[in-house]
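Novice: Sequence plus predicted model, see below.
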Amino acid sequence: MNLELHRCFRCGWCKYPSGFEDYNCPSYARFRFESHSPGGRLWLIKAWLDKEIEWSDHLSEILFSCVACKNCVENCKMDFRDEILDWIISAKSKAIENGLAPPKVRDFLENILKYGNPWGLPRNKEASWIKELERYKDQEFLLYLGCECRYEERGARMAKNVVEVLKKAGISFGVLDDETCDGNEALMLGERGLFEELASKNLQKFRELGVKRIVTISPHAYNAMKKYAEGKFEVLHFTQLFSELLRKRKLSLSELEFKVTYHDPCFLGRHNGIYEDPRKILKSVPGLKLVEMKRNRENAFCCGGGSGNFVFDFLSGPSSPARLRIKEALGTGAEILVVVCPICKAMLEDVIKEEGRIEVKDIAEIVLISAK
Amino acid sequence: MKDEIYKALVEIVGEEFVSNRKEELYIYSRDSGLSDPSFPDFVVMPKTVEEVQKIVQLANREKIPLVPAGASLTLSGLTIPQRGGIVLDMRRMDRILELNRRGRYIVIEAGVTQGKLQSFLEENCPDLCHSLPEAPPSATVVGNLLIHGQGNLTQPYGFNSSMVTGLEVVLPTGQICRIGSCSLSPYWFSIEPLPYLAGLFLGWFGTTGIVTKLGLKLFPKKKLRDVELFVLEDPNLLVEAIYRITHTEMAEDVTTIAQPYPLMFRGTIMIGIYITGDTEEELEFKRKIIWESLGEIIKAKEGGFMALMPEMKKGLLEKPMSSLTRTADILKGGGFVYCGAIIPIEKFPDALRKLVEIAERNGITYAHSGRVIGRGHCMMFAFAFPFNRGDPESMKKAKKALHESYAATLEIGGVPWKPGAEEQKMILEKMDRGTVELIGKIKALLDPNGIMNPGNWEVRL
């Protein structure tokens, strides 16, 4: 492991967004013990590696409650900032290698390996409508659905909306018959071997089918494919494609009088720098009023679902990041919280019943309503 | 017994906010400085003053040490629980309770951070600000006041602790009391003209009670802010230059910088002069007056203003300045310590000479930053030493240099700021005996069981 962990001063800049509005590290915001801050986590990793403290279930939860949102990387003031997340992922990796990962994390990874999805669901549990989609042959785009959209109800609804919009715009696309998990969460959890195996399977499949352009629904899949697709084929997140379709007037939108706010997903935003395409889409809808949350773009507050937490959710509870984010969205006075990530959608919808007074909608649904 | 205390704490704040697990105990057993670690038995995060009161009552009844903590960023170990016990992480008490815009004060809870207050003011009343220290945004406002911190408004208005308009305090026996106008009025506008009880808590490092709420003065925030760097080589001349600059009453903040790296700065001393104004004309007027005040020095070619590259100016104008935090990475080693010497400005040359000597003697590098306090009534002179947390030898040298800096501060007639427990002993040793006894009597009166942050300001009567 990298031996530079000692460079963290634990000054705490990394807990904040650039405007200091509130704590922006999801696990620190949730637990509030210094041990759950990025600096606290790094100091504990060092203490563990130096054998000052022993491994424990609690240390394990502290480590795996890092959702890889990258706020610490964004706001750390030190020269080593780009390495912070790598250090944390390396520690996760070491824990996994030594059989120390929490059982929920172990199950998550084993399920991906055995079943191709983190829930361990059989293929027949996929959303039924997926069967009706055209299979990829030589269409312009391969639409990569990902397990969040194949097996999770909220993700499946979002995927269906994306599919409808693509059809409406006359886009030629197909899906894979036997899709392999993109592996992003395996990578973030430090299971690099599994990630590489999944990547290799996907790449082989893409090669065999002659795939040139891929559009993903999940920003997590987008992130993974950007990592293994360098130069081999083009990868787009669906919001980039929508934005392009609107620019080329392949979609015409009618008036919608909603006040909405937009939640930047970490794997589209901080990990890949895509902030404006979703906003361009929303601004293309006549009558739609977009109001920003205080923490937006590079400073957006994560929903808490990254690094597998959308399944094992070490951050659940009354101050879960999703609840805090919904409260922030409510503060804008918006009626709708717009998301572009199936994981964000599930995390935020899960808590909406209790926090109330705002709806979570994916951007494809907004486009679809407006395009009718 | 520990199990019973744990259960009692859970009863007070809920299970989520108490920990006796080794991971939390490890983190709260140390800070980013070089003090030896010492483990607490429990870490607790109260949300309300009533919860704080119950914890204090429990600790007082069971005679358990109690250490209130903010972000633990003093670098001198002031929140390290030297005798174990309970660390109270106050940062869940983070509400901003009242903004009185016309009265220019704000009431906040003890866990509100500098970042949160800065952000709140920028959003809600951009024409007001508080005196912002150069600490990271994660530092708490109350923590800064309790150690007599300084900020960007310290030059015109004095120590940040002189900006208190009211306090709510839980005494070591569990009694809640209010200090200042808020003790008899709904308004938290002033500590004066009542008996000055705030002095029982400011500068005592949590040994006399736990501050739970704070009334704080706000000041006009001008729309524009600029900085000039005046560079000279003769430290004696710096004393004169600061006298002239402060005489103009045109500067908001006056700081000093001296460091051997980059090499272009070696042998020079820089005075950072911050000016503010609502218009360009106001800014230009102030700039002109300050330039004129230094005219003779410039004419004699003994000093001059440095042309600032945009990046450098941007760094100097950042609030707070992250470059100071980056001192910790000078040796790519995650650490620096400093002795903040509060000295008469005329002692600057002696302090600088001592700093260079100490650094050379110990074979380490140094960095100096300082800030004028009041209209030149004194200044904070930082003897700062970066160290490499991964290199025990580097840590040992920095620790020795730090200790020598405290001794040097006392030798030149200064007073060390936020001294650690060991350095407090050096201070008490030199202090007038009557004063030491008074400190001891006040502590014994307020904290009869000696539970509050033991090891700090300890006096044997």
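Specialist: Now that the structure is in, tell me what you want to look at. Computed from a prediction, not measured in an experiment: that's the story for all the values here. Numbers count the residues shown, from 1 in each chain, chains lettered A, B, ... in the order given.

Novice: So in chain B, which helix runs the longest?
Specialist: helix B:392-411 (DSSP state H).

Novice: mean confidence for that helix?
Specialist: Helix B:392-411 comes out with an average pLDDT of 98.

Novice: For that helix, which outside residues touch it?
Specialist: B:34, B:331, B:333, B:335-339, B:341, B:343, B:351, B:354-355, B:358-359, B:361-364, B:366, B:383, B:385-389, B:415-416, B:419, B:422-423, B:426-427, B:430 (CB atoms under 8 Å, 6 or more residues apart in numbering or on different chains). The C-beta positions use only the backbone N, C-alpha and C, and glycine is treated the same way.

Novice: so of these, which ones are in strands?
Specialist: B:335-339, B:341, B:343, B:383, B:385-388, B:415-416 (DSSP state E).

Novice: From the contacts of helix B:392-411, list the buried ones, please.
Specialist: For the contacts of helix B:392-411, a burial check counting by 16 or more other CB atoms under 10 Å in any protein chain shown picks out B:34, B:331, B:333, B:335-339, B:341, B:343, B:351, B:354-355, B:358-359, B:362, B:364, B:366, B:383, B:385-389, B:415-416, B:419, B:423, B:426-427.

Novice: Around chain B, which positions in the stretch 51-200 of chain A sit nearby?
Specialist: Within the stretch 51-200 of chain A, the positions near chain B by CB under 8 Å from any CB of the partner chain are A:52, A:53, A:54, A:56, A:58, A:59, A:62, A:77, A:78, A:79, A:80.

Novice: for chain A, longest helix please?
Specialist: Ordering each helix of chain A by length in residues (DSSP H) puts helix A:192-209 first.

Novice: now for it, which elements pack on it?
Specialist: Here helix A:192-209 touches helix A:103-115, helix A:184-188, helix A:219-228, going by 3 or more CB pairs under 8 Å, 6 or more residues apart in numbering or on different chains; DSSP states H and E.

Novice: rewinding a little: how far off strand B:334-343 does the longest helix of chain B point, in degrees?
Specialist: Computed by axes from the mean of the first three to the mean of the last three CA atoms, to 10 degrees, the angle separating helix B:392-411 from strand B:334-343 equals 10 degrees.

Novice: Helix B:392-411: how far from the chain's middle?
Specialist: 19 Å (CA atoms, centre = their mean, to the nearest Å).

Novice: Next, the buried residues of that helix.
Specialist: The neighbour-count check on helix B:392-411 (16+ other CB under 10 Å) flags B:394-395, B:397-410 as buried.

Novice: Next, see if the strand or helix carrying residue A:327 gets close to chain B.
Specialist: Taking DSSP states H and E as the definition, residue A:327 sits inside helix A:321-330. No. Using CB under 8 Å from any CB, we find that helix A:321-330 stays clear of chain B, coming within 13.0 Å at best.

Novice: about what we covered before: show me which pair in the buried residues of helix B:392-411 is furthest apart.
Specialist: B:394 and B:410 (25.4 Å; CB to CB).

Novice: rewinding a little: of the residues of the stretch 51-200 of chain A next to chain B, which count as buried by neighbour count?
Specialist: Here, 16+ other CB under 10 Å leaves A:53, A:59, A:62, A:77, A:78, A:80 buried among these.

Novice: Nearest to chain B among the residues you listed?
Specialist: residue A:77 (4.0 Å; CB to the nearest CB).

Novice: Tell me which residues touch the closest one, please.
Specialist: Neighbours of residue A:77 in contact, by CB under 8 Å, 6+ apart: A:11, A:13, B:322, B:325, B:326.

Novice: Surely the fourth one and residue A:10 touch.
Specialist: No. Under the criterion of CB atoms under 8 Å, residue B:325 makes no contact with residue A:10, lying 10.6 Å away.

Novice: Just the buried positions in the lowest-mean-pLDDT helix or strand in chain A, please.
Specialist: None of the helices or strands of chain A scores lower by mean pLDDT, DSSP states H and E than helix A:342-355, at a mean of 90. For helix A:342-355, a neighbour-count test (16+ other CB under 10 Å) marks A:342, A:343, A:344, A:345, A:346, A:347, A:348, A:349, A:350, A:351, A:352, A:355 as buried.

Novice: of those residues, closest to chain B?
Specialist: Once CB to the nearest CB is applied, the member of the buried residues of helix A:342-355 that ends up nearest chain B is residue A:351, at 17.2 Å.

Novice: quick one: contacts for the closest one?
Specialist: A:320, A:322, A:323, A:326 are the contacts of residue A:351 under CB under 8 Å, 6+ apart.

Novice: ok, the last one to residue A:156 distance?
Specialist: Remark: distance between residue A:326 and residue A:156 (CB to CB, to the nearest Å) = 22 Å.

Novice: Mind checking which of the two has more residues around it?
Specialist: residue A:326 (26 against 20; other CB atoms under 10 Å in any protein chain shown).

Novice: Run through the strands of chain A in chain order.
Specialist: Under DSSP E, chain A gives strands at A:141-144, A:173-174, A:213-216, A:234-237, A:259-262, A:289-290, A:336-339, A:359-362.

Novice: Could you export those to JSON lines, including columns for mean pLDDT?
Specialist: As requested, the strands of chain A are exported to JSON lines (pLDDT from 0 to 100):
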{"stretch": "strand A:141-144", "mean pLDDT": "98"}
{"stretch": "strand A:173-174", "mean pLDDT": "98"}
{"stretch": "strand A:213-216", "mean pLDDT": "97"}
{"stretch": "strand A:234-237", "mean pLDDT": "97"}
{"stretch": "strand A:259-262", "mean pLDDT": "98"}
{"stretch": "strand A:289-290", "mean pLDDT": "98"}
{"stretch": "strand A:336-339", "mean pLDDT": "98"}
{"stretch": "strand A:359-362", "mean pLDDT": "97"}
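
Novice: Include distance to residue B:247 and mean neighbour count when you put those strands into TSV, please.
Specialist: Rendered in TSV, the data for the strands of chain A read as follows (distance: least, CB to CB, whole Å; neighbours: other CB atoms under 10 Å in any protein chain shown):
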stretch	distance to residue B:247	mean neighbour count
strand A:141-144	70	24
strand A:173-174	75	19
strand A:213-216	65	22
strand A:234-237	61	21
strand A:259-262	52	21
strand A:289-290	53	17
strand A:336-339	57	24
strand A:359-362	61	21
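
Novice: Can you lay out these as JSON lines showing distance to residue A:228?
Specialist: Shown next, in JSON lines, are the strands of chain A (distance: least, CB to CB, whole Å):
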{"stretch": "strand A:141-144", "distance to residue A:228": "12"}
{"stretch": "strand A:173-174", "distance to residue A:228": "21"}
{"stretch": "strand A:213-216", "distance to residue A:228": "11"}
{"stretch": "strand A:234-237", "distance to residue A:228": "10"}
{"stretch": "strand A:259-262", "distance to residue A:228": "28"}
{"stretch": "strand A:289-290", "distance to residue A:228": "34"}
{"stretch": "strand A:336-339", "distance to residue A:228": "25"}
{"stretch": "strand A:359-362", "distance to residue A:228": "26"}
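
Novice: Write out the residues of the stretch 201-350 of chain B neighbouring chain A.
Specialist: B:322, B:325, B:326, B:328, B:329, B:332, B:333, B:334, B:335, B:336.

Novice: which regions of the stretch 1-150 of chain B lie under the pLDDT threshold?
Specialist: Nowhere does the stretch 1-150 of chain B drop to pLDDT under 70.
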